[in-house]
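Novice: show me the folded form of this:
(chains A and B)
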Amino acid sequence: ETGVTQTPRHLVMGMTNKKSLKCEQHLGHNAMYWYKQSAKKPLELMFVYNFKEQTENNSVPSRFSPECPNSSHLFLHLHTLQPEDSALYLCASSQETGVRNQPQHFGDGTRLSIL
Amino acid sequence: KNQVEQSPQSLIILEGKNCTLQCNYTVSPFSNLRWYKQDTGRGPVSLTIMTFSENTKSNGRYTATLDADTKQSSLHITASQLSDSASYICVVSTNNAGNMLTFGGGTRLMVKP
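Specialist: Numbering: from 1, shown residues only, chains lettered A, B, ... in the order given. Model (predicted):
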């Protein structure tokens, strides 16, 4: 039973559409993360938020726009995506980024397909 | 460049058998090493976290080892069950501020009856 909930679980969209992915954590954590998981590739960190402030943008294209209104919610706004953006997008949370040796708790992801 | 290499890429074993998955890393500075299990269609779930001073840690039938000198880790699964079929991901954290993780490509394990 995960304490991190992602919606929707599946999303199919055209390249000109605008959609948003949502992540909510019920663990009382202060750090939240977006990852991209493509087939046969390691997880790629996209964004990190700590206490609602973005602390890491891993050279992500501007067609991905994150939003963190509070420590429990994280969004990923999508617009004008490319076929190579099709992947599993995972959200994770942890106590806070400055505390070491703590696990990150992952949601079950949104499977995104770009037509 | 920080890298985490896992082997084998995939593995098929019979139910009840043991297996060992390998992880080599070149991450520096080192903070901790984690093993995650990812079932198909689910997010990764933490199995173990080991710091520099720990060389073994168990979680039920899962036992992870760490050799910080050779920068190698292994995950041993004892008496495998069908539910162990999953991808196992090795993740290394650097000692820099920010809890930055370097992920391996994973080993896909299939346990057959």
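
Novice: what's the end-to-end length of stretch B:66-83?
Specialist: 25 Å (C-alpha to C-alpha, to the nearest Å).

Novice: got the contact list for it?
Specialist: B:13-27, B:30, B:33, B:35, B:47-48, B:50, B:52, B:54-56, B:61-65, B:84, B:88, B:90, B:109, B:111, B:113 (C-beta atoms under 8 Å, 6 or more residues apart in numbering or on different chains). The way it works is simple: take the backbone N, C-alpha and C, and place the C-beta from them, glycine included.

Novice: what's the ChimeraX line that selects buried ones from the residues you listed?
Specialist: Those of the contacts of stretch B:66-83 that count as buried under 16 or more other C-beta atoms under 10 Å in any protein chain shown are selected in ChimeraX with:
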select /B:13,19,21,23,24,25,27,30,33,35,47,48,50,54,62,63,64,65,84,88,90,109,111
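
Novice: taking the contacts of stretch B:66-83 one by one, which sit in strands?
Specialist: Among those, DSSP state E puts B:13-14, B:19-25, B:30, B:33, B:35, B:47-48, B:50, B:56, B:62-65, B:88, B:90, B:109, B:111 in strands.

Novice: and chain B, which of its residues are near chain A?
Specialist: B:4, B:31-32, B:34, B:36, B:41-46, B:49, B:51, B:89, B:93, B:95, B:97-101, B:103-106 (C-beta under 8 Å from any C-beta of the partner chain).

Novice: what about the closest residue to chain A within chain B, how many residues nearby?
Specialist: Residue of chain B nearest chain A, by C-beta to the nearest C-beta: residue B:43 (3.3 Å). Residues contacting residue B:43 under the criterion other C-beta atoms under 10 Å in any protein chain shown number 22.

Novice: show me what contacts residue 10?
Specialist: No chain was given, so I picked chain A. Contacts of residue A:10 (C-beta under 8 Å, 6+ apart): A:110, A:111, A:113.

Novice: wrong one, I was asking about chain B
Specialist: So residue B:10 contacts B:107, B:108, B:109, B:110 (C-beta under 8 Å, 6+ apart).

Novice: let's see it at 10 Å
Specialist: Residues near residue B:10 by C-beta atoms under 10 Å, 6 or more residues apart in numbering or on different chains: B:87, B:106, B:107, B:108, B:109, B:110.

Novice: got it, and residue B:104?
Specialist: A:42-43, B:3-7, B:21-25, B:35-36, B:73, B:88-92.

Novice: for residue A:104, see how far away it is.
Specialist: 15 Å (C-beta to C-beta, to the nearest Å).

Novice: pLDDT weak spots in chain A?
Specialist: A:1-2, A:99-100 (pLDDT under 70).

Novice: okay, the residue most central in space within it and chain B: tell me how far apart.
Specialist: Compute the mean C-alpha point of chain A, and by C-alpha atoms, centre = their mean the closest residue is residue A:34, 2.8 Å away. In this view, residue A:34 and chain B are 12 Å apart by C-beta to the nearest C-beta, to the nearest Å.
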